[in-house]
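prediction below, plus the sequence it came from.
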Amino acid sequence: LACAGQPRAATSSLATVAFAMSQQLVQLEMDEKDKESFQEMQTSMNQARQEIALIDATLRKRSTEKREAELILAELSTMESDTTAYKQVGKMFLQTPIDDLKGFLDTKTERCIKECDALAEKRSHVTLAAEKLQEDFQQFVKDHIYQHQAGTTA
């Protein structure tokens, strides 16, 4: 039996496949063209899952950046304009007017909000595509399930 639902090489047109439908093994009847389609579907589903995971990670990162910028901005808003402030650049700190820091943080917050919105929309599109792929995959499996009982009654 092949790992991760991959069909094993068979001399006949019958391939045994591990399928998570009701936690049981099913046999699929496939020719070479069907095997290629099956592998393409699996590849597409894996790519969609990876893309969703990447989008989620980026979304979490941008949300964290936004929250940090908002917290720092809240702290800076309590300080007066003539307060000495330093901005970290690599390993060094540069003296920077506090109003410039506030402007930078405002811009960063707005950019993060826009990126989060765009990422959320992209995630919804990718999720819909992944769900469609999953439905197509399940339909493919249902269409190619080997009917053992039907073959024995003839």
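Looks like it came in fine. All of these numbers come straight from a predicted model, not from anything done at the bench.

number of nearby residues for residue 50?
Neighbourhood size, residue 50 [other C-beta atoms under 10 Å]: 10. Heads up, the C-betas are built off the backbone N, CA and C, glycines and all.

ok, now the one 10 residues further on?
Number of residues near residue 60 (other C-beta under 10 Å) recorded here: 12.

got it, and residue 71?
Look at residue 71: counted by other C-beta under 10 Å, it has 11 neighbours.

does it lie in a helix or a strand, and which?
Element membership for residue 71 (DSSP states H and E) is helix 32-77.

show the subsequent helix or strand relative to that helix.
strand 85-89.

now that following strand: buried residues?
Neighbour-count burial for strand 85-89, counted by 16 or more other C-beta atoms under 10 Å, picks out residue 85.

which residues touch that strand?
Under the contact criterion C-beta atoms under 8 Å, 6 or more residues apart in numbering, strand 85-89 has outside partners 76, 79, 93-98, 101, 104.

alpha carbons only: can I get it in PDB?
Extracted C-alpha coordinates of strand 85-89, given in PDB (Å, rounded to 0.1, in the frame of the first residue of the first chain):
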ATOM      1  CA  ALA A  85      13.300  59.700  21.200                       C
ATOM      2  CA  TYR A  86      15.400  57.100  19.500                       C
ATOM      3  CA  LYS A  87      14.600  54.800  16.600                       C
ATOM      4  CA  GLN A  88      16.400  51.500  16.300                       C
ATOM      5  CA  VAL A  89      18.200  50.900  13.000                       C
END
